[in-house]
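Novice: Take this sequence and fold it.
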Amino acid sequence: MNKEKMPLQVWILTLAAFAIGTAEFVIAGILPQVANSLSITEGQAGYLISAYALAIVFGGPLLTIYLARFNKKAVLAGLMVLFIAGNLLSAFAPNYLILMVSRVVTGLVQGPFYGIGAVVATNLVSEKMAGRAVGQMFAGLTLANVLGVPGGTWIGLNFGWHTTFITVAAFGLVALFFIGTVIQSTGHSEAKDVKAQLLAFKNPMLLLSLAITVFAWSGFMTLYGYIAPIAMHVTGFGEDAVTWILVIVGVGLIAGNTLGGHSSDKNLQKASMFWAFAMIVSLVLVGLVVESKVMFVAAAFVFGIASFANVPAMQLRVMNHGGEGQELAATANISAFNLANAFGGFLGGMVLDSQMGAGMIPYAAIIVPVIGLLFIAHANRREKGLQAMTPELDNA
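Specialist: Predicted coordinates:
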């Protein structure tokens, strides 16, 4: 079974996830330029991260409830059309308010696309490959960080940040073409009763799994969203260096995503505890070495590995407890990730604009993930208890 190949359709979902991930995270690289261009503080520019994330938090589950009844190919294609429109609006936004609105429009796409896409991906492979299929789709997110975000930053530096968003829209167009030609028109699944989907949320283990994502993940965007101001104002790098620093962090994210997928398939409980703890340690490390250029880049790379290794474990745990509402549960988890991202965007922006300054951001980022560790320990105990009572749950 280990020789089973990842279907081409999963790779197409990876491409679409790449475009969407680039749209979400590219603001981290062009944040100083957007702030200068619109005459706002870097902290205010950082709130564009939070606006995008909150659109996912609230729009994602509602859209998914509505869209779950339709043909999945048509839904994924329609979402990409909205994504392209949102990025073009960002590209031609004349002021901060319109840019904020455009980020909300684009953010509405991400939850349902990743939620429905993750279910499509797991349905294309055997159960033993489920963790890797989810990891493969989310590899689009990690690729966005190693190629899309640095590439978008470079384009912004050389051609202006408006051109960055036009380029992201173009990637959306390519993804739309492949969704139209490669994804099979399956999944006219019976419209799942909204009530049946919502009933899944009566499961305390599902709610606990979502809480783990919110708390344990919250440190990621607090640091990643503000890596450009930290590198420039504290570590002493020039604006041009931000592009390659993001590439190095992105390589770490890819490595972490791969390690996280494999370790989650082996032992979900151990993997989730280990990687959540590792991310906290990596944030402390970044804070300690922030004034050394070489050490800062090395620590940021370790942070990349430790943070994204959490993603497959968090998504798989939620889907395991999703029951009849698996699609809605998967999308709710995307909302959970982005509630953490929104909080991270606000927290990082507040610290950056305060007397403490950029150097304190890594330390501020560890506060909430420590609570996440306690939730993981509790969930692991509960799951072991459930498995002891019901042997069939061993595969869950």
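Novice: quick one, helices of the stretch 51-200 of the chain?
Specialist: 72-91, 96-123, 130-143, 149-159, 161-182, 194-199 (DSSP state H, counting those that start in this stretch).
Novice: closest to residue 281 out of those?
Specialist: Across the helices of the stretch 51-200 of the chain, residue 281 has its closest neighbour in helix 130-143 (20.2 Å, Cβ to Cβ). In short, each C-beta sits where N, CA and C put it, glycine included.
Novice: Can you dump the C-alpha atoms of that closest one in PDB for me?
Specialist: Output of helix 130-143 as PDB, limited to C-alpha atoms (Å, rounded to 0.1, in the frame of the first residue of the first chain):
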ATOM      1  CA  ALA A 130      -5.200  10.000   4.000                       C
ATOM      2  CA  GLY A 131      -2.700  11.900   6.100                       C
ATOM      3  CA  ARG A 132      -0.300  12.200   3.100                       C
ATOM      4  CA  ALA A 133      -3.100  13.300   0.700                       C
ATOM      5  CA  VAL A 134      -4.100  16.100   3.100                       C
ATOM      6  CA  GLY A 135      -0.400  16.900   3.500                       C
ATOM      7  CA  GLN A 136       0.000  16.900  -0.300                       C
ATOM      8  CA  MET A 137      -2.800  19.400  -0.800                       C
ATOM      9  CA  PHE A 138      -1.400  21.600   2.000                       C
ATOM     10  CA  ALA A 139       2.000  21.300   0.300                       C
ATOM     11  CA  GLY A 140       0.500  24.000  -2.000                       C
ATOM     12  CA  LEU A 141       0.400  26.300   1.000                       C
ATOM     13  CA  THR A 142       4.000  25.500   1.800                       C
ATOM     14  CA  LEU A 143       5.100  25.900  -1.800                       C
END
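Novice: Any chance you could list what contacts it?
Specialist: 6, 10-11, 13-21, 114, 117-118, 121-122, 124-125, 250, 253-254, 256-258, 260-262, 264-265, 308, 311-312, 315-316, 319 (Cβ atoms under 8 Å, 6 or more residues apart in numbering).
Novice: got it, and stretch 35-54?
Specialist: 24, 27-28, 31-32, 34, 95-96, 99-100, 103-104, 106-107, 161, 221, 225-226, 229, 338-339, 341-346, 348-350, 352-353.
Novice: In helices, which of the residues you listed fall?
Specialist: 24, 27-28, 31-32, 34, 96, 99-100, 103-104, 106-107, 161, 221, 229, 338-339, 341-346, 348-350, 352-353 (DSSP state H).
Novice: Buried ones among these?
Specialist: 24, 27-28, 31-32, 34, 96, 99-100, 103-104, 106-107, 161, 221, 229, 338-339, 341-346, 348-349, 352 (16 or more other Cβ atoms under 10 Å).
Novice: what residue ranges in the chain are flagged as low confidence?
Specialist: Where the chain drops to pLDDT under 70, the residues are 1-4, 185-194, 387-396.
Novice: quick one: buried residues of stretch 248-259?
Specialist: Buried-residue list, stretch 248-259, by 16+ other Cβ under 10 Å: 249, 250, 251, 252, 253, 254, 255, 256, 257, 258, 259.
Novice: As CSV, these with secondary structure would be great.
Specialist: Listed next are the buried residues of stretch 248-259 as CSV, based on DSSP: H, G, I helix; E, B strand; the rest coil:
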residue, secondary structure
249, helix
250, helix
251, helix
252, helix
253, helix
254, helix
255, helix
256, helix
257, helix
258, helix
259, helix
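Novice: Out of those residues, which is nearest to residue 241?
Specialist: Looking across the buried residues of stretch 248-259 and measuring by Cβ to Cβ, the closest to residue 241 is residue 249, at 12.4 Å.
Novice: Against residue 223, how distant is the closest residue to the closest one other than its chain neighbours?
Specialist: Leaving aside its sequence neighbours, residue 249 sits nearest to residue 304 (Cβ to Cβ, 6 or more residues apart in numbering; 4.3 Å). Using Cβ to Cβ, to the nearest Å, residue 304 is found at 10 Å from residue 223.
Novice: Repeat that for residue 273.
Specialist: As judged by Cβ to Cβ, residue 273 and residue 223 stand 21 Å apart.
Novice: With neighbour numbers in mind, choose between those two.
Specialist: For residue 273 versus residue 223, neighbours defined as other Cβ atoms under 10 Å are more numerous around residue 223 (27 against 18).
Novice: And the strands in the stretch 251-396 of the chain?
Specialist: Counting by DSSP state E, counting those that start in this stretch, the stretch 251-396 of the chain has no strands at all.
Novice: Helices of that one, start to end?
Specialist: In the stretch 251-396 of the chain, the helices defined using DSSP H, counting those that start in this stretch lie at 268-288, 293-308, 310-320, 326-353, 361-364, 367-389.
Novice: so which of those is the most packed in?
Specialist: helix 310-320 (a mean of 28; mean count of other Cβ atoms under 10 Å).
Novice: now the angle between helix 130-143 and it, please.
Specialist: 140 degrees (axes from the mean of the first three to the mean of the last three Cα atoms, to 10 degrees).
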